[in-house]
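1. Model the structure of this input:
(2 chains)
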Amino acid sequence: MMAPAFPVIALGDDALTVLCGPGDIRHTLAHHLASDQSWIEVVPGKQDVTVAFDPHAEGMGLAAARLKRLLELAALSPALDAKTHSLEAVFGGEDGPDLAALSDRLAIPAAQIMDEVLQSPLTVDMLGFTPGFAYLTGLSSMLSGERLDTPRARVPAGSIGLITGQVGLYALEGPGGWPIIGRLQVPLFDRTATNPFRLAPGDRVFLRRSGRP
Amino acid sequence: MSLRVIDPGIQCTVQAAPRLGYRHAGVPYGGAADPLSMALANRLCGNPADAPCLEIAYGPASFAFDSPVQVALTGAPASVRVMGATKDMHALLEIGAGDVLEIGAASTGSRIYLAVAGEIAAESFLGSQSTYVPARFGGHQGRALAKGDELAITSVRRVPFTATPAELSLPLSHSFALRVVPGPDFPEGAFDVNSSVYHVSRRLSRMGAEIEGPFPPRAGAGLKPSAAVFPGALQVTPQGRGYLLLPDGQTTGGYPHLLQVIRADRHLLGQLRPGDSLRFLLRSQAEAEAALRAKQALIAAWVTDFRL
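-> Numbers count the residues shown, from 1 in each chain, chains lettered A, B, ... in the order given. Predicted coordinates for the structure are as follows:
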């Protein structure tokens, strides 16, 4: 099946953005473009995929023509290497300091919020912001929330943030503006691994409750 | 042999090549904020253009060496003294055993590069030895250098004296003109780019520079779905302030992206200094390509292994 001809626009003088719209198509295209190994970067956004090229090797015109040819060859089937992860987590208390306030504001018991999160089939929509920070979609919109008015200077690695419709997973310790409802019990970042990041765009994620008392 | 940090100044980090190929995982390029100046320092020391160097913000800073070695300093103009004797930047310097190298405060620009004729020890992570402080990647223990740190220098060798050709060691001033192409959110017909003067605010780091000045009304209104951004992106916030991304800046952004500094001029971002005035010069794609070719040719006559 041929991909429809998505618009391609210049991003500066050494990158191009494919306006393919949201959803899995971005991950399919990103996988396809990355496997070509001819782009310096292939970066999915929320509604697009951007590639960076070497302007010393090819101009914008040649790079755009090459990108369009590659897009014509992209199959519309789901990316083959999308993994499914089941990640143990704990909620509330010191690990999820904002769960109680979220429960109060939504008038939904904390246990029910946890159940909603645990039952949601989540998808890694994109990574960005800081190394390994994962934006996950697929959360019930009944769990609504905004970013904190004042971001925290330091959020522990593995923290689980929640804003409307999305879960944010902090791979590394660092500053953070999302309300934190829990913490993963498995690392998302392994400094010693060939690919240190556990999650990739397009991956499926299920959170499950840790047996930890 | 080793180099000992006596005074690192405001921030001194080991920088080398950018960390390419991981922006989809949220990992920024990093690397020298002014990679051309770093390449010029390495050239004087006979090193590959992206060999690890010390990137020194503003100065003053000082270092001691326990053995004889040749070094070179480039970037923001500052006074240089070795055991009290005044020395030149942009020229190979002889350092004796136990000598102290003192770098004064930069008068213009913001980053000074120190290269040695040898290899500065630096940890490689994800294909780069550059320090990315927020995630503690690369360099010296992933952090900025502190007083008392000792960095091993190996493969020390002697190289013939050279100085940077005058046309490549242009003095920096307090005003910058950066050539740009329109970004994806450029307000066509509503932004007279070339006629405005902007200023660099005090919010300036290796991640980015806040820019004050007249942006089109409501240019920064509303977030858009996050999309890839790269160093040189000029985004405008809802408060009407510009934010220019530098090498450690985030990989995706949701603020309107009005302009993109062209590849040929991105090395200048690393020398912006609070209070500097800034103009943007709008160019076409063809002009951006020609500018890159022209500047690259000028540099290639002196540094053969550096790409802007």
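
2. what about the strands in chain A?
-> In chain A, the strands defined using DSSP state E lie at A:8-10, A:15-18, A:41-44, A:49-52, A:84-91, A:122-127, A:134-137, A:152-155, A:159-163, A:166-169, A:174-176, A:180-184, A:204-209.

3. Got the domain ranges for the chain?
-> By default, I'm working from chain A. A:8-73, A:84-209 (automatic domain parsing).

4. sorry, should have said chain B
-> Chain B breaks down into these domains under automatic domain parsing: B:2-168, B:175-300.

5. Out of these, which is the most enclosed?
-> Mean neighbours per residue, mean count of other C-beta atoms under 10 Å in any protein chain shown, is largest over the domains of chain B for domain B:2-168, with a mean of 20. Heads up, the C-betas are built off the backbone N, CA and C, glycines and all.

6. Any idea how far apart the tips of stretch B:164-175 sit?
-> Its start and end residues considered, stretch B:164-175 measures 23 Å (C-alpha to C-alpha, to the nearest Å).

7. Kindly report the same for stretch B:179-187.
-> OK, stretch B:179-187 end separation, C-alpha to C-alpha: 17 Å.

8. what residues does that stretch touch?
-> Identification of contacts with stretch B:179-187 by C-beta atoms under 8 Å, 6 or more residues apart in numbering or on different chains yields A:9-13, A:17, B:188, B:193, B:216, B:219, B:224, B:227, B:233-234, B:256-262, B:264-265, B:280-285, B:287-288, B:291.

9. So which elements touch the helix or strand residue B:81 falls within?
-> According to DSSP states H and E, residue B:81 maps onto strand B:80-82. Packing partners of strand B:80-82 (3 or more C-beta pairs under 8 Å, 6 or more residues apart in numbering or on different chains; DSSP states H and E): strand B:85-87, strand B:93-95, strand B:100-103.

10. For the longest one, which helices and strands make contact with it?
-> Right, strand B:100-103. strand B:61-65, strand B:80-82, strand B:111-116.

11. can you do 10 Å?
-> Using 3 or more C-beta pairs under 10 Å, 6 or more residues apart in numbering or on different chains; DSSP states H and E, the elements in contact with strand B:100-103 are strand B:2-7, strand B:61-65, strand B:69-75, strand B:80-82, strand B:85-87, strand B:111-116.

12. Run me through the strand neighbours of the third one, direction for each.
-> Read it as strand B:69-75. Strand B:69-75 has its sheet partners listed here by DSSP bridges as strand B:93-95 (antiparallel), strand B:111-116 (antiparallel).

13. what's in contact with the strand holding residue B:81?
-> Here strand B:80-82 makes contact (C-beta atoms under 10 Å, 6 or more residues apart in numbering or on different chains) with B:59, B:62, B:65, B:71, B:73, B:86-89, B:91, B:93-96, B:99-104, B:112, B:114.

14. circling back to that earlier point, can I get the strands of chain A in CSV with mean neighbour count, distance to chain B and mean pLDDT?
-> Below are those laid out as CSV (neighbours: other C-beta atoms under 10 Å in any protein chain shown; distance: least, C-beta to the nearest C-beta, whole Å; pLDDT from 0 to 100):
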stretch, mean neighbour count, distance to chain B, mean pLDDT
strand A:8-10, 17, 6, 97
strand A:15-18, 24, 6, 98
strand A:41-44, 27, 4, 96
strand A:49-52, 27, 4, 98
strand A:84-91, 16, 15, 96
strand A:122-127, 25, 5, 94
strand A:134-137, 23, 8, 95
strand A:152-155, 14, 11, 90
strand A:159-163, 24, 12, 95
strand A:166-169, 23, 11, 95
strand A:174-176, 19, 6, 86
strand A:180-184, 25, 16, 97
strand A:204-209, 17, 15, 95
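
15. could the ones you listed go into a markdown table alongside distance to residue B:274?
-> Shown next, in a markdown table, are the strands of chain A (distance: least, C-beta to C-beta, whole Å):
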| stretch | distance to residue B:274 |
| --- | --- |
| strand A:8-10 | 31 |
| strand A:15-18 | 29 |
| strand A:41-44 | 30 |
| strand A:49-52 | 29 |
| strand A:84-91 | 43 |
| strand A:122-127 | 32 |
| strand A:134-137 | 33 |
| strand A:152-155 | 22 |
| strand A:159-163 | 32 |
| strand A:166-169 | 32 |
| strand A:174-176 | 22 |
| strand A:180-184 | 34 |
| strand A:204-209 | 42 |
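
16. Reformat the helices and strands packed on strand B:100-103 as JSON lines; add mean pLDDT.
-> Formatted as JSON lines, the helices and strands packed on strand B:100-103 follow (pLDDT from 0 to 100):
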{"stretch": "strand B:2-7", "mean pLDDT": "98"}
{"stretch": "strand B:61-65", "mean pLDDT": "98"}
{"stretch": "strand B:69-75", "mean pLDDT": "98"}
{"stretch": "strand B:80-82", "mean pLDDT": "98"}
{"stretch": "strand B:85-87", "mean pLDDT": "98"}
{"stretch": "strand B:111-116", "mean pLDDT": "98"}
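
17. Looking at these, spot the one closest to residue B:167.
-> strand B:69-75 (14.1 Å; C-beta to C-beta).

18. Which pLDDT value goes with the nearest residue to residue B:137 once chain neighbours are set aside?
-> Of all residues not flanking residue B:137 in the chain, residue B:125 sits nearest, at 4.6 Å (C-beta to C-beta, 6 or more residues apart in numbering or on different chains). Per-residue confidence at residue B:125 stands at 96 (pLDDT).

19. what sits opposite residue B:125 in the beta ladder?
-> residue B:128.

20. so who does it touch?
-> Applying C-beta under 10 Å, 6+ apart, the residues near residue B:125 are A:191, A:196, B:19, B:27, B:30, B:131-132, B:135-139, B:142.

21. all helices for chain A, in order.
-> A:25-35, A:60-73, A:99-106, A:110-119 (DSSP state H).

22. no no, the stretch 201-308 of chain B
-> Assigned by DSSP state H, counting those that start in this stretch, the stretch 201-308 of chain B shows helices spanning B:285-300.

23. Contacts for the helix or strand of chain B with the lowest mean pLDDT next, please.
-> Lowest on mean pLDDT, DSSP states H and E among the helices and strands of chain B sits strand B:252-253, with a mean of 91. Strand B:252-253 has contacts (C-beta under 10 Å, 6+ apart) with A:43-46, A:50, A:126-129, A:133, A:135, B:23-24, B:26, B:223-230, B:233, B:235, B:243, B:245.

24. Now do the contacts for the residue positioned nearest the centre of chain A.
-> Centroid-nearest residue in chain A: residue A:126, 2.8 Å away (criterion: C-alpha atoms, centre = their mean). By C-beta under 10 Å, 6+ apart, residue A:126 lies in contact with A:26-27, A:30, A:43-46, A:49, A:133-137, A:201-202, B:24-26, B:225-228, B:251-252.

25. Which one, of the strands of chain A, ends up nearest to residue B:160?
-> strand A:49-52 (37.7 Å).

26. Centre of the chain to that closest one, how far?
-> 16 Å (C-alpha atoms, centre = their mean, to the nearest Å).

27. cool, stretch B:208-224 as well?
-> Relative to the chain's own centre, stretch B:208-224 is displaced by 24 Å; criterion: C-alpha atoms, centre = their mean.
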